[in-house]
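>>> Sequence first, predicted coordinates after that:
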Amino acid sequence: MSIKIGLAGNPNCGKTTMFNELTGSSQYVGNWPGVTVEKKGGKLKGNKDVEIVDLPGIYSLSPYTLEEVVTRDFMINDKPDAIINIVDASNIERNLYLTTQILELGIPTVIALNMMDIVKKNGDKIDVDKLSKLLGCPVVETSAIKGNGIKAAVEKAIEVANIKKKVDFKLSVCDECKEVIEGIEKIIIKSIPHKGMETRWLAIKFFEGDQNVIKKLKISSTILAEIKVLTKKCESKLDDDSESIITGERYAFIGDIVSSTVKKSKASGRGNETTSDKIDKIVTNRFLALPIFAIIMWGIYYIAVSSLGAIATDWTNDILFGEIVSGNVSSWLEIAGVAGWLQGLIIDGVIGGVGAVLGFVPQIMILFFLLAIIEDCGYMARVAFVMDRIFRKFGLSGKAFIPMIISSGCGVPGIMATRTMENDRDRKMTIMLTTFIPCSAKIPIIALFGGAIFGGASWVAPSVYFLSIIMIIICGIILKKTKLFAGEPSPFVMELPQYHIPSFKGVLIHMWERGKAFIIKAGTIIFVACGVIWFLQSFNWSLDMVDAGESILASIGNIIAPIFAPLGFGNWQSAVATVTGLVAKENVVATFGILFGIVDATEQDPALIQNVAGMFTTVSAFSFIAFNMLCAPCFAAIGAIKREMGSWKWTWITIGFQTCTAYMVALLINQIGSAIFYDGSVIGAVSSVLIVVGIVSLVLTSSKRSVQNKVGADLGV
């Protein structure tokens, strides 16, 4: 018999950690809401008849966000056999708010009282038996990060699922509320087909005025009017709106439970700072927070790209692909008597292109390993908190920074993470800006030019990262001035988890999940693209093998190259590399790999430096990096934009905005930089600034005029 068990809980309660332990899955555990933006399923290890479903982390079942909609729809429509409600025992009062709502649904439920190791460390005590009795369901002590109690929790869930033991729970409320809720419940039983849903839960939803439930059950206006009379009566007596009344009653009920089941030690009482509080005084300080973040990010990129990562990449390029792979394959092909053109395809095309991309895997893995450490320990949640203070000053939602952090691995999940944003304007604007953050596919571009043009300077990678953040803020300010995105940003509520030593397993999972996507893409999309690029740069239109300068690729590149000339890279090779990057950003490096044979060269190789340096100055190289960081993302990310925006119109607006922004930034970098460092045209620099200022002013003026016209029309002027 198949059993379906849902895992539900607040963000950061340990839900996904438990899911990984139960199923052997490798979902990453994040320290912010929205890491799981959809429900994920897996089979229980050792029992394939049991399906475990990991639901998004939520604070309540009121469907204001997509996460809450996904979770509530699962519980009502999918009808799971049991729910394991993971409760953060170290913050039990806040977590029990969701618990009371789950219990009202009547689904067989087991409460996993998680993070009990922290509770015991603080010297606090929880009467588990009494808590179980008061809530009317089994309660099991667990510590997901240590693997304690997880097996007992799932076994208890299977037990209650098999005997179909529904929860008999009623929220204790004041007499006025009780009278009205019972009255609404009688109306439901008598007049409303409730499709097997708990009448008590429905009564509370009607009392709150939950429009989703009302629409779902298609309540007649007569019955709604009858319910409204009862609701208004209670609101008048208690002098508050019905939703606030229920919220207050829940917290009063929870307060009574906590006071009778939880005993706090004197050490954890008020007035005593925790270690996390002491650290936060420094890392979230109004003046120190940003410098500390900048130093940490510089250190991460220095280790991953310029020092340890560079050594690992040199070995991968020099030894692995340069000698072992390329040398052996070349020898085998010659011994086998393979045709010259096929040897060229395999050695220069496939190994040259794919090898150039895979050569950067060590740097990317080290980068993700370090990012996973600061995320898992709880620091990145503080960064989101700090950025919220900054973003809100410019009219941006602090919640937008979470998708941007996720985008450092891949733009696709970053775009999907915008589903956690309630405000549609904020969500659309975040989608337009989130792929500005360098993802794993863009790191090889930074590493290649950082080594070949900038001599491995440690400032290159962090400067690109912070350029992206600066452009997000600037573009956010501009977009907020337009009629499409005007308005106050939605509030950002986020729990700051306690600092803890990262789980080594969790860090490795995070590193592998992000790195795996990069490797898979190199073995599929990049593999095919490299073959196509090699063919186009090896043959002319008559299909005769020629030098690259006379090839099909060169002729196509020469047509589009003038577009990029003002940006400092108006040669056909750079133009082609930029365009192929739209398929996958790794193709930028793969294209150079095929054209210049990077397979057997490192970033410091004189031949490579000579080839690339011949096409770029330091200014035009940084312009090239900036353009490829900010322009339209890869096809996969564009597909995600289409899904999340819901229309091609908004998708094209996003692509156009990103590409125009990238072009203007690269134009300014090249023109101003050339004027300062290379005696370039001052007129060109001034003209570029005026053009950019003119375009931005035109956008803002046009938007302001549209708003004025709308106001005039509304007033009949």
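Noted; the coordinates are in hand.

>>> I'd guessed residue 131 sits against residue 257; true?
Yes - the pair residue 131 and residue 257 passes the contact test of C-beta atoms under 8 Å, sitting 7.0 Å apart. (Each C-beta comes from the backbone N, C-alpha and C, glycine too.)

>>> So between these two, which is more surrounded?
For residue 131 versus residue 257, the count of surrounding residues by other C-beta atoms under 10 Å is larger for residue 131: 22 against 19.

>>> pLDDT value on the more buried one, please?
At residue 131, the pLDDT value in this model is 92.

>>> for residue 271, same thing?
pLDDT, the model's per-residue confidence, is 51 for residue 271.

>>> List the residues that contact residue 449.
Contacts for residue 449 (C-beta atoms under 8 Å, 6 or more residues apart in numbering) come out as 460, 612, 616, 621, 622, 624, 625.

>>> pLDDT below threshold where in the stretch 201-350 of the chain?
Per-residue confidence for the stretch 201-350 of the chain (pLDDT under 70) gives these ranges: 266-274, 317-318, 321-323, 340-341, 344-350.

>>> what's the answer for the stretch 1-150 of the chain, then?
Applying pLDDT under 70 to the stretch 1-150 of the chain picks out residues 1, 25-39, 63-66.

>>> again, only using 80
Filtered on pLDDT under 80, the stretch 1-150 of the chain yields the residue ranges 1, 12, 16, 24-40, 62-69, 145.

>>> ok, now the stretch 501-650 of the chain?
Within the stretch 501-650 of the chain, the ranges that satisfy pLDDT under 80 run 501-503, 505-506, 509-510, 513-534, 537, 545-549, 583-584, 586-587, 589-614, 636.

>>> in it, which spans are helices?
For the stretch 501-650 of the chain, helices defined by DSSP state H, counting those that start in this stretch occupy the ranges 504-523, 525-538, 552-564, 572-580, 586-596, 606-613, 618-630, 635-645, 648-677.

>>> Need those in JSON lines (columns: mean neighbour count and distance to residue 434).
Formatted as JSON lines, the helices of the stretch 501-650 of the chain follow (neighbours: other C-beta atoms under 10 Å; distance: least, C-beta to C-beta, whole Å):
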{"stretch": "helix 504-523", "mean neighbour count": "18", "distance to residue 434": "16"}
{"stretch": "helix 525-538", "mean neighbour count": "21", "distance to residue 434": "21"}
{"stretch": "helix 552-564", "mean neighbour count": "17", "distance to residue 434": "25"}
{"stretch": "helix 572-580", "mean neighbour count": "23", "distance to residue 434": "21"}
{"stretch": "helix 586-596", "mean neighbour count": "28", "distance to residue 434": "19"}
{"stretch": "helix 606-613", "mean neighbour count": "16", "distance to residue 434": "30"}
{"stretch": "helix 618-630", "mean neighbour count": "24", "distance to residue 434": "12"}
{"stretch": "helix 635-645", "mean neighbour count": "19", "distance to residue 434": "9"}
{"stretch": "helix 648-677", "mean neighbour count": "19", "distance to residue 434": "10"}
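
>>> In a markdown table, list those along with distance to residue 300.
A markdown table is the format used below for the helices of the stretch 501-650 of the chain (distance: least, C-beta to C-beta, whole Å):
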| stretch | distance to residue 300 |
| --- | --- |
| helix 504-523 | 13 |
| helix 525-538 | 25 |
| helix 552-564 | 31 |
| helix 572-580 | 27 |
| helix 586-596 | 21 |
| helix 606-613 | 25 |
| helix 618-630 | 17 |
| helix 635-645 | 23 |
| helix 648-677 | 24 |
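
>>> give the contact list for the nearest residue to residue 624 once chain neighbours are set aside.
Leaving aside its sequence neighbours, residue 624 sits nearest to residue 569 (C-beta to C-beta, 6 or more residues apart in numbering; 5.0 Å). Residue 569 makes contact with 575, 578, 615, 616, 620, 623, 624 under the criterion C-beta under 8 Å, 6+ apart.

>>> any idea how far residue 569 lies from residue 627?
Between residue 569 and residue 627 the distance is 8 Å, computed by C-beta to C-beta, to the nearest Å.

>>> coming back round to it: dump the contacts of residue 569 into CSV; add distance to residue 683 as well.
Formatted as CSV, the entries for the contacts of residue 569 read as follows, by distance: C-beta to C-beta, whole Å:
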residue, distance to residue 683
575, 25
578, 26
615, 24
616, 23
620, 18
623, 18
624, 23
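
>>> what is the rounded mean pLDDT of the helix or strand hosting residue 371?
According to DSSP states H and E, residue 371 maps onto helix 361-376. The average of the pLDDT scores along helix 361-376 is 82.

>>> who does that helix touch, helix- and strand-wise?
Other elements packing on helix 361-376 under the criterion 3 or more C-beta pairs under 8 Å, 6 or more residues apart in numbering; DSSP states H and E are helix 289-301, helix 308-315, helix 443-452, helix 504-523.

>>> Could you point out the helix or strand that follows the third one?
In this case it means helix 443-452. If you walk from helix 443-452 toward the C-terminus, the next helix or strand you reach (DSSP H and E) is helix 460-480.

>>> Only alpha carbons, please: show that following helix as CSV.
Once side chains and other backbone atoms are set aside, the C-alpha atoms of helix 460-480 remain, and they are given as CSV (Å, rounded to 0.1, in the frame of the first residue of the first chain):
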residue,chain,number,x,y,z
VAL,A,460,39.0,41.5,-11.2
ALA,A,461,36.5,38.9,-10.0
PRO,A,462,35.2,40.8,-6.9
SER,A,463,35.0,44.0,-9.0
VAL,A,464,32.7,42.3,-11.5
TYR,A,465,30.6,40.9,-8.7
PHE,A,466,30.1,44.4,-7.1
LEU,A,467,29.6,46.0,-10.5
SER,A,468,26.7,43.7,-10.9
ILE,A,469,25.2,44.7,-7.5
ILE,A,470,25.8,48.4,-8.4
MET,A,471,24.0,48.0,-11.7
ILE,A,472,21.1,46.2,-10.0
ILE,A,473,20.7,49.2,-7.6
ILE,A,474,21.0,51.8,-10.5
CYS,A,475,18.6,49.9,-12.8
GLY,A,476,16.3,49.3,-9.9
ILE,A,477,16.1,53.1,-9.2
ILE,A,478,15.5,53.8,-12.9
LEU,A,479,12.8,51.1,-13.2
LYS,A,480,11.1,52.3,-10.1
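
>>> That helix to helix 361-376, inter-axis angle?
Orientation check (axes from the mean of the first three to the mean of the last three C-alpha atoms, to 10 degrees): helix 460-480 against helix 361-376 gives 60 degrees.

>>> Run through the neighbouring helices and strands of helix 460-480.
In terms of contact count using 3+ C-beta pairs under 8 Å, 6+ apart, helix 460-480 is assigned the packing partners helix 289-301, helix 379-393, helix 424-434, helix 443-452, helix 618-630, helix 648-677, helix 682-715.

>>> JSON lines for those, including distance to residue 59?
As requested, those are exported to JSON lines (distance: least, C-beta to C-beta, whole Å):
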{"stretch": "helix 289-301", "distance to residue 59": "25"}
{"stretch": "helix 379-393", "distance to residue 59": "15"}
{"stretch": "helix 424-434", "distance to residue 59": "18"}
{"stretch": "helix 443-452", "distance to residue 59": "35"}
{"stretch": "helix 618-630", "distance to residue 59": "35"}
{"stretch": "helix 648-677", "distance to residue 59": "29"}
{"stretch": "helix 682-715", "distance to residue 59": "35"}
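
>>> Which one of these lies nearest to residue 4?
For those, distance to residue 4 was read as C-beta to C-beta. The smallest value, 30.4 Å, belongs to helix 424-434.

>>> Let me know the average pLDDT across the closest one.
The average pLDDT within helix 424-434 is 88.

>>> Wait, residue 223 touches residue 190, no?
No - Residue 223 sits out of contact with residue 190 when judged by C-beta under 8 Å, with a separation of 9.6 Å.

>>> Please identify which of those two sits among more neighbours.
In this comparison of residue 223 against residue 190, neighbours counted by other C-beta under 10 Å, the higher total goes to residue 223 at 18 against 8.
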